[in-house]
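**Q** Let's see this in three dimensions:
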Amino acid sequence: MISAQQIQTTMARYVELVDAGDIDGILALYNEGATVEDPVGQPPIQGLADIERFYRQGLGASKVSATLTGPVRATLNGCGAMPFRVDMQWAGQPCSLHVIDVMEFDDAGKIRSMKAYWSEANIGPQP
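**A** Residues are numbered from 1 along each chain as shown. Have a look, this model is predicted:
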């Protein structure tokens, strides 16, 4: 079983990789059969090929920066949650998106599920 500290480290690393625009690094954090629901309520994306397409069309198509806005919370059974902010352009204007990601990990420490909690209600001016 993955430790709480491993979860915290991996989730913080995820934000660093989003900030760097390192899609290959992000994909390396996921297991082969992983799912991504971003935002929650959208049909889940399943499998690395579709997850790669999702990140390349979103993150790869625009310049963003990402910053943790609070500590990563981790359980003792392979789950974690974190708040972070993504600064980007939305409809041609600079803005910030405040997100909470919830991730589940497999025993090897790879992400098996990522759910991003956000909506347009969480978009505002950049600080």
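**Q** C-alpha only now, for contacts and for neighbours.
**A** Will do.
**Q** can you tell me the distance between the two ends of stretch 67-83?
**A** From the first residue to the last, stretch 67-83 extends over 9 Å; the measure is CA to CA, to the nearest Å.
**Q** tell me the mean pLDDT for it?
**A** Per-residue pLDDT values across stretch 67-83 average out to 98.
**Q** Give the buried residues for that stretch.
**A** The neighbour-count check on stretch 67-83 (16 or more other CA atoms under 10 Å) flags Thr67, Leu68, Val72, Arg73, Ala74, Gly78, Cys79, Gly80, Ala81, Met82, Pro83 as buried.
**Q** Equivalent analysis for stretch 107-126, please.
**A** Within stretch 107-126, the residues that count as buried by 16+ other CA under 10 Å are Gly109, Lys110, Ile111, Arg112, Ser113, Met114, Lys115, Ala116, Tyr117, Trp118, Ile123.
**Q** looking at it, the second one is touching Tyr30, isn't it?
**A** Yes. Using CA atoms under 8 Å, Lys110 makes contact with Tyr30 at a distance of 5.1 Å.
**Q** what mean pLDDT does the longest helix along the chain have?
**A** For the chain, the helix reaching the highest residue count under DSSP state H is reported as helix 4-20. Helix 4-20 carries an average pLDDT of 97.
**Q** which residues are contacting that helix?
**A** Contact with helix 4-20 is made by 23, 25-26, 29, 59, 64-68, 72-76, 78-80, 82, 84, 105, 109, as judged by CA atoms under 8 Å, 6 or more residues apart in numbering.
**Q** Is Ile51 in a helix, a strand, or coil?
**A** helix (DSSP: H, G, I helix; E, B strand; the rest coil).
**Q** actually Gly25, not the one I typed
**A** Remark: Gly25 carries the secondary structure label helix [criterion: three-state DSSP].
**Q** How about it, nearest residue that isn't a chain neighbour?
**A** With sequence-adjacent residues excluded and distances taken as CA to CA, 6 or more residues apart in numbering, Gly25 is closest to Leu17, at 6.4 Å.
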